[in-house]
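Participant: whatever this is, show me its structure:
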Amino acid sequence: MLVMTLAVALFVVSNWRSLSYYRTALTTLATGLVTGKTTTTKSADYRSSGYILRNTTDATTRTGADNTPVEEAMQGVLLQKTYHYHYAADTPSRVKQKFNAAIQIYNQTGIVKLTAGKANSNENQITLSAYRKKEELSQGTVEFGHGGPQITQRISWRGIQTTNAGKAKLNVTYKQAVKLSVAVHELGHALGLDHSSDKDSVMTPIDHGNTQLSAADVQSLRSIYDKK
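Facilitator: Model (predicted):
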């Protein structure tokens, strides 16, 4: 009994930050398991793996008109600031060049740290690549790239571990898509930033050539990764 008590105490102490952060969600989950009523959320704009505990009072859920929105999948979760990134096979060198420059821009914020290499199951990762997709001219818009997060959460004796396996890719069908502003935009999606109506933001859905994060972009990025 003493050994079990000490083990529980050690678990609580070593995981106090995450247990405290997800306190309300854990209570709701426990109640749902008892009553048989649990819910999951789905959206076409993001993906999450299984049931995800979320802190619904977190700042990422309250982005307003002056903020760059946060991808729904990234709201109310604790994530590490470090990512490992790698390129998919056959990614053109010109695409790698743009993404490498975009990575430097995000690293310069000091909020996240992206390093080359493969991640293990307990680490954040981003897969960078290229693809081809030709749009119908009648649509009036062209898709230059695609990106977004994929959240997975594991609850075990080690605690609550939440990771992001984000993806960002450029549509090499169009040469104007292989540019720094598009790479910064799609990488922003992978890191959790959503579309913004601010023309100064790198997350505006219409490419304005922005390559430097606006103050609102930085603020929202910080709200995702700098949890107090």
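
Participant: so where's the longest helix in this structure?
Facilitator: The longest helix of the chain (DSSP state H) is helix 93-107.

Participant: what lines up beside the helix or strand following it in the sheet?
Facilitator: As assigned by DSSP states H and E, the chain's next helix or strand after helix 93-107 is strand 113-116. Strand 113-116 has its sheet partners listed here by DSSP bridges as strand 82-87 (parallel).

Participant: got the CA positions of the partner strand in CSV?
Facilitator: Output of strand 82-87 as CSV, limited to C-alpha atoms (Å, rounded to 0.1, in the frame of the first residue of the first chain):
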residue,chain,number,x,y,z
THR,A,82,10.4,21.5,-30.3
TYR,A,83,9.7,19.9,-33.7
HIS,A,84,11.7,17.5,-35.9
TYR,A,85,11.1,18.0,-39.6
HIS,A,86,11.9,15.9,-42.6
TYR,A,87,11.2,15.9,-46.3
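
Participant: helices or strands next to the longest helix of the chain in the packing?
Facilitator: strand 82-87, strand 113-116, strand 124-131, strand 159-171, helix 180-191 (3 or more C-beta pairs under 8 Å, 6 or more residues apart in numbering; DSSP states H and E). (Glycine included, C-beta is placed from N, CA and C.)

Participant: which residues does the first one contact?
Facilitator: Pointing back at strand 82-87 there. By C-beta atoms under 8 Å, 6 or more residues apart in numbering, the residues outside strand 82-87 that reach it are 96, 99, 103, 112-119, 123-129, 164, 166, 191.

Participant: select only the buried ones of the residues you listed in PyMOL?
Facilitator: If you want just the buried ones from those in PyMOL, going by 16 or more other C-beta atoms under 10 Å, the selection is:
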select buried, resi 99+103+112+113+114+119+123+124+125+126+127+128+129+164+166+191
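
Participant: average pLDDT across stretch 80-89?
Facilitator: The average pLDDT within stretch 80-89 is 97.

Participant: please renumber the chain so that the first residue is 18 from this point on.
Facilitator: OK, 18 is where the count begins now, so the last one is stretch 97-106.

Participant: buried sites along stretch 237-245?
Facilitator: Quick answer for stretch 237-245 (16+ other C-beta under 10 Å): 237-238, 240-242, 244.
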